[in-house]
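>>> Build me a model:
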Amino acid sequence: MPKLKIILTIIFVTNLLGFIAVAQTPTQPSATPGSWSQDYEPFRIAGNLYYVGTYDLASYLITTPKGNILINTGLETSVPMIRKHIEALGFKFSDIKILLATHAHYDHAAGLAEIKKLTGAQLMIEQEDAPVLADGGQSDFDFQGKCCTFPPVTADKLLNDKDVVKLGGMQITVLHHPGHTKGACSFLFDVKDEQRIYRILIANMPSVLDETNLAGMPTYPNVGKDYAYTFNAMKKLHFDIWLASHASQFNLQKKHKSGDAYNPKEFMNDQQGYDAEIEELYKAYLKKLNKN
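Numbers count the residues shown, from 1 in each chain. Here you go, the predicted structure:
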């Protein structure tokens, strides 16, 4: 009889551990767009700003004499690719000192935990998205842990609207643009080369997810108002070059061809493209708002 109890106890504990392991395993959609993990040749955008992401999930490296800054990581499986891209450009992966993200969704933040572990970089995130990073997406107001979770990671520093991230002469202004997530943000900064200074905007484009109820949700009652604020704020922004979380949002492949020589002009003078993208998203927002 005692042996039977021991066996039953072992089976119970084994099953419990298996359940815990499954519960902690990141859950992602059964199919993600191939472009999210497709390789893309890294290149210099302007000055000390480089593209090191995949075909569609944008990751940006900003180099400084005191170490480098990485913005967005793409999927967890993209970490080796990002490392390869950084090293192909002649930089050390270990020189990443600061990690930033436009928002806490798995397609832009799933690699943060691994890169933080590998490099010891300081992770900074807008304060409203910090809890979502800490629980790996379980508390996301839209997905609520049913989908799109990722390895949890704790932020080292919480950011707020208009905060300035500084490293090695770089000054990156945080623009809180909530709605897509509570802590979604864009980044505005200058880079320079031998010719000139470029004003750069990495925009968190305010698309509205299907699951979002703009009339208000239990864990985000002001989501509709936040979107309204964000659209108003983003319509007033000006820059020399604008980029985004997804390469497709700013037509990367139309502006830059693989093997192109360094040419910031590829990306300049596209205020019209930015305005059109914002306007299209705003119309979609109004349409959904009327339905809600």
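>>> And the pLDDT at residue 238?
Note on residue 238: pLDDT of 94.
>>> Then residue 1?
On the pLDDT scale, residue 1 is placed at 41.
>>> Then residue 148?
If you check residue 148, the pLDDT there is 86.
>>> So the nearest residue to it once chain neighbours are set aside versus residue 264, what's the distance?
Excluding the flanking residues, the one nearest residue 148 by Cβ to Cβ, 6 or more residues apart in numbering is residue 106, at 4.6 Å. (Glycine included, C-beta is placed from N, CA and C.) Counting by Cβ to Cβ, to the nearest Å, the separation of residue 106 from residue 264 is 31 Å.
>>> higher neighbour count, the two?
Applying other Cβ atoms under 10 Å to residue 106 and residue 264 shows that residue 106 carries more neighbours, namely 25 against 19.
>>> My understanding was that the more buried one contacts residue 153; is that so?
No. Here residue 106 lies out of contact with residue 153, judged by Cβ atoms under 8 Å, at a distance of 11.9 Å.
>>> where do the helices sit along the stretch 1-150 of the chain?
2-24, 79-88, 106-109, 112-119, 130-134 (DSSP state H, counting those that start in this stretch).
>>> Look up the closest residue to the most centrally placed residue in the chain, ignoring the ones flanking it.
Centroid check for the chain by Cα atoms, centre = their mean gives residue 108 as the closest residue, at 3.4 Å. In this structure, residue 108 finds its nearest non-sequential neighbour in residue 72, 4.6 Å apart by Cβ to Cβ, 6+ apart.
>>> and what of residue 207?
Per Cβ to Cβ, 6+ apart, closest to residue 207 is residue 281, 5.6 Å.
>>> What strand or helix carries the one you found?
helix 271-291 (DSSP states H and E).
>>> That helix - contacts with which helices or strands?
helix 223-234, strand 241-244 (3 or more Cβ pairs under 8 Å, 6 or more residues apart in numbering; DSSP states H and E).
>>> let's go with 6 Å and repeat that
Applying 3 or more Cβ pairs under 6 Å, 6 or more residues apart in numbering; DSSP states H and E, one finds that helix 271-291 contacts helix 223-234.
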